[in-house]
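Asks: Quick one, fold the following:
(chains A and B)
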Amino acid sequence: MRDLLGAATHRYLDFLAAIEGAIGLAAAMEYVQRIGLTQIAAYEKELLAYGTELLSAIPGLRILGTARDKASVLSFVLEEIHAHDIGTILDHEGIAIRAGHHCAMPLMKRFGVPATARASLAFYNTREELEALAKGIHKVKEVFA
Amino acid sequence: MSDLRDLYQQVILDHSKRPRNFLKLQGADRTAEGHNPLCGDEITIYLKLDGDVITDISFQGAVCAISKASASMMTSALKGKTKAEAEALFGKFHEMVTGHRGAASDPAGLGKLEVFCGVCEFPVRVKCASLAWHTLRAALDGKGEPVSTE
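Replies: Below is the predicted model:
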């Protein structure tokens, strides 16, 4: 702790460096390394393939971004239903997604897409959760049927 | 958790699917644009005024169901109203959707707009419900600057 607090002149100031952030980052890196980046990538790829298969089977749903080696994210639009409405209803079903521009407003304007819904998959997600997502999307369609 | 049906009431769904006054008003005296940058909603309000009276009002935009229904019902409610009446209605509407309705306020005054009372249970959707109203205010003020909910 003494080292982190630095020189004597800094020691009595009423703020500290973001020690908790540095400690947290180190713990996170150890955690990720313990699991293994290769394993994480392989698992996320598998999840993405399964999620793509489930979502592609939903009538009226269109997946945006289909690059072969893309990150494990599923951006989609659903008929005339706005992404924010999708987000609220999925939230109600216990599923957290992101909805809107995703900090890419100029690109979305260029393609004429007002907003997309996006599910991001990580190594702590499961196949069951993807099934819940697909079920939740059917629920969205029901509300707007 | 509050019921989804409180938010997506049948009247709201109906207005979002078949919005009223959803067109560009030819010969509008005033127009204003409104943005909800975080969710990507964009709306334009068109007004025709006779003195202080709103004789015609319409809107266009790419927005979510709550925004669209709110704009549709707002335009339906405001035809023939004066600027002051529109402001007063916005005040009541805003109190309702933000959950700040005082005990003294008269819920009857909102009429059909009362269906948006469920919005206050969904804080992230308050901006959706009020976007059209903020844009209306900009149009009434006659300011050329687009309004933003941020």
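Asks: my guess is residue B:84 contacts residue B:54, does it?
Replies: No. Between residue B:84 and residue B:54 there is no contact under C-beta atoms under 8 Å: 11.0 Å. No exception for glycine: its C-beta is placed from N, CA and C like everyone else's.
Asks: Could you report the neighbour count for residue A:113?
Replies: 18 (other C-beta atoms under 10 Å in any protein chain shown).
Asks: Dihedrals phi and psi, it?
Replies: Dihedral angles of residue A:113 (phi, psi; degrees, to the nearest 10) stand at phi -110, psi 110.
Asks: Which residue, other than its chain neighbours, is closest to residue 35?
Replies: Went with chain A since none was named. Computed as C-beta to C-beta, 6 or more residues apart in numbering or on different chains, the closest residue to residue A:35 that is not its neighbour in sequence is residue A:123, at 6.8 Å.
Asks: oops, I was thinking of chain B
Replies: residue B:148 (4.9 Å).
Asks: so who does that neighbour touch?
Replies: Each residue near residue B:148 by C-beta atoms under 8 Å, 6 or more residues apart in numbering or on different chains is listed here: B:34, B:35, B:36, B:37.
Asks: Mind pulling up the pLDDT for residue 49?
Replies: Since no chain was named, I'll use chain A. As predicted, residue A:49 sits at a pLDDT of 97.
Asks: oops, I was thinking of chain B
Replies: Residue B:49 is assigned 94 on the pLDDT scale.
Asks: Specify the local secondary structure of residue A:124.
Replies: Here residue A:124 is recorded as coil under DSSP: H, G, I helix; E, B strand; the rest coil.
Asks: What is the neighbour count of residue 114?
Replies: Answering for chain A, as no chain was given. 20.
Asks: switch to chain B, that's the one I care about
Replies: 16.
Asks: any idea how far it is from chain A?
Replies: Distance, residue B:114 to chain A, by C-beta to the nearest C-beta, to the nearest Å: 20 Å.
Asks: gap between the residue nearest to residue B:35 and chain A?
Replies: Residue B:148 is 13 Å from chain A, by C-beta to the nearest C-beta.
Asks: For chain B, which residues are neighbours of chain A?
Replies: Contact residues, chain B versus chain A (C-beta under 8 Å from any C-beta of the partner chain): B:1, B:4, B:7-8, B:13, B:17, B:37-42, B:62-66, B:122, B:124-125, B:128.
Asks: pLDDT value on the residue lying closest to residue B:112 once chain neighbours are set aside, please?
Replies: Distance criterion C-beta to C-beta, 6+ apart; nearest residue to residue B:112, sequence neighbours excluded, is residue B:73 at 6.1 Å. Among the per-residue scores, residue B:73 shows a pLDDT of 96.
Asks: hang on, residue B:73 packs against residue B:18?
Replies: No. Counting by C-beta under 8 Å, residue B:73 does not reach residue B:18; the two are 11.8 Å apart.
Asks: higher neighbour count, those two?
Replies: residue B:73 (25 against 11).
Asks: How much space separates residue B:136 from residue B:32?
Replies: Distance, residue B:136 to residue B:32, using C-beta to C-beta, to the nearest Å: 7 Å.
Asks: Next: residue A:83.
Replies: For residue A:83, the distance to residue B:32 - C-beta to C-beta - is 24 Å.
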